[in-house]
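Colleague: how does the following fold in three dimensions:
(one chain, ligands or ions: 1)
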Amino acid sequence: MSGSKRAHSLDDLAKAIRAGDRVALGRAITLIESVKREDQLRAQDLLEALLPYTGKSIRVGISGPPGAGKSTLIDQLGLNLIAQDHKVAVLAVDPTSSRTGGSILGDKTRMGRLAGEANAFIRPSPAGASLGGVTKTTRESIALAEAAGFDVVLVETVGVGQSETAVSDMVDVFVVVAIPGAGDELQGIKRGLLELADIVAVNKADSDNVERANRAAMEYRTALHILAAGHPNWSPVVLTLSARDNKGLDELWAKITERHSSIAQSGILAERRSDQAAAWMREIFEERLLAAFKGGRRAARHYQELEDKVRAGEMTPAAAAAELGRLVGLNEPE
Ligand code: GDP
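Modeller: Numbers count the residues shown, from 1 in each chain. Reported below is the predicted structural model:
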């Protein structure tokens, strides 16, 4: 494709995205997820062109153990928001291969009603991507969805891996979905996950579960109270809801927007967004640096040899990294 034609088609794609075209948005995300160098360069050009239109959504992370009701919640919350004239994008982050366990995050059939809405966009996790890959593409997909006019971006993640920390860094409000357990109320929720929460939503507070849900909420409040001691800027809230019965979801949304405006007013949001932009730049640069380095045949072979030695325990990772550094002429710090 000639340079000008390519620029032209990228321009068209950018325009279509700006016009809220979901097919164009999907195509752009596919470019971002592509491992082809040419696609990646195009994706970066596209992002560059759309940058002025990004950053304007409420970004919400939704996490919790499998079966907690995340997709039911996202489906219902999404419908409620669309009824209030919002445009809702759902992105999934799932670098684990535990999909055999049943659910695929962001699976459209799990959010069947929302998937049928014109003002919704649902994108499952790319298959087989690493944590690094998936967080990078998610960050960029958020930006694209914003450029396409989605003013609410929900990022779904399963609360059992390391992806939650990465996701909590790219969203404004982080919601942990929990369920009342039998006896051990903090069932299935790791402390590390709780520490990321702005809001803990105890789901399935319906039928004969209400009392147990209230008890679980109390337990979470106590646990969070202890965890939050000494963190002046962190005051997580706990509420109960029923995603199935659409109960408590308005309150959840009210808490989310409250939280969002509070960090917007205090300047924390702007600071976070600029930190995110800086981290993003560093990531892209590191990636390009590494790609350029490995692109050289001799260097690539050397890299592989060193990696083999590290894997075999014949060399420490630090020593191997230092040797690679010398290869590109880096001076070791004194
Ligand atoms: P996910 O794995 O966290 O996405 O959980 P799902 O949304 O797939 O829900 C797991 C199961 O819990 C499904 O059978 C849902 O129908 C059920 N469920 C979800 N939300 C509620 C709720 O509010 N109340 C009740 N009773 N069941 C629910």
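
Colleague: what packs against the helix or strand encompassing residue 23?
Modeller: According to DSSP states H and E, residue 23 maps onto helix 22-33. Secondary-structure packing of helix 22-33 (3 or more Cβ pairs under 8 Å, 6 or more residues apart in numbering; DSSP states H and E): helix 3-18, helix 37-50, strand 120-123, helix 131-147. To be clear about C-beta, it is placed using only N, CA and C from the backbone, and glycine gets the same treatment.

Colleague: let me see the residues that make contact with it.
Modeller: Identification of contacts with helix 22-33 by Cβ atoms under 8 Å, 6 or more residues apart in numbering yields 13, 16-17, 39-40, 42-43, 46-47, 121, 123, 126, 129, 137, 140-141, 144-145, 148.

Colleague: how about stretch 257-264?
Modeller: Residues outside stretch 257-264 that contact it (Cβ under 8 Å, 6+ apart) are 58, 172, 173, 198, 199, 269, 270, 272.

Colleague: how about the stretch 151-300 of the chain: which residue is closest to the ligand?
Modeller: residue 244 (3.3 Å; Cβ to the nearest ligand atom).

Colleague: returning to what we had before: and the angle for the helix holding residue 23 with helix 37-50?
Modeller: Helix 22-33 and helix 37-50 meet at an angle of 120 degrees, taking axes from the mean of the first three to the mean of the last three Cα atoms, to 10 degrees as the criterion.

Colleague: sorry, back to before: and the contacts of stretch 257-264 as TSV, adding neighbour count?
Modeller: Formatted as TSV, those follow (neighbours: other Cβ atoms under 10 Å):
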residue	neighbour count
58	21
172	21
173	21
198	24
199	20
269	17
270	12
272	15
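
Colleague: what does the stretch 201-334 of the chain have sitting close to the ligand?
Modeller: Residues of the stretch 201-334 of the chain lying near the ligand by Cβ under 6 Å from any ligand atom: 203, 204, 206, 242, 243, 244.

Colleague: sketch out the low-pLDDT regions of the chain for me.
Modeller: Residue ranges of the chain with pLDDT under 70: 1-8, 95-108, 127-132, 159-161, 182-188, 331-334.

Colleague: could you break it into its assigned domains?
Modeller: 1-53, 54-265, 278-327 (automatic domain parsing).

Colleague: just the buried ones from the contacts of helix 22-33?
Modeller: Neighbour counting with 16 or more other Cβ atoms under 10 Å marks 13, 16-17, 40, 42-43, 46-47, 121, 123, 126, 129, 137, 140-141, 144-145, 148 as buried within those.

Colleague: please enumerate the helices of the stretch 201-334 of the chain.
Modeller: Counting by DSSP state H, counting those that start in this stretch, the stretch 201-334 of the chain has helices at residues 210-228, 249-266, 268-295, 297-311, 317-327.
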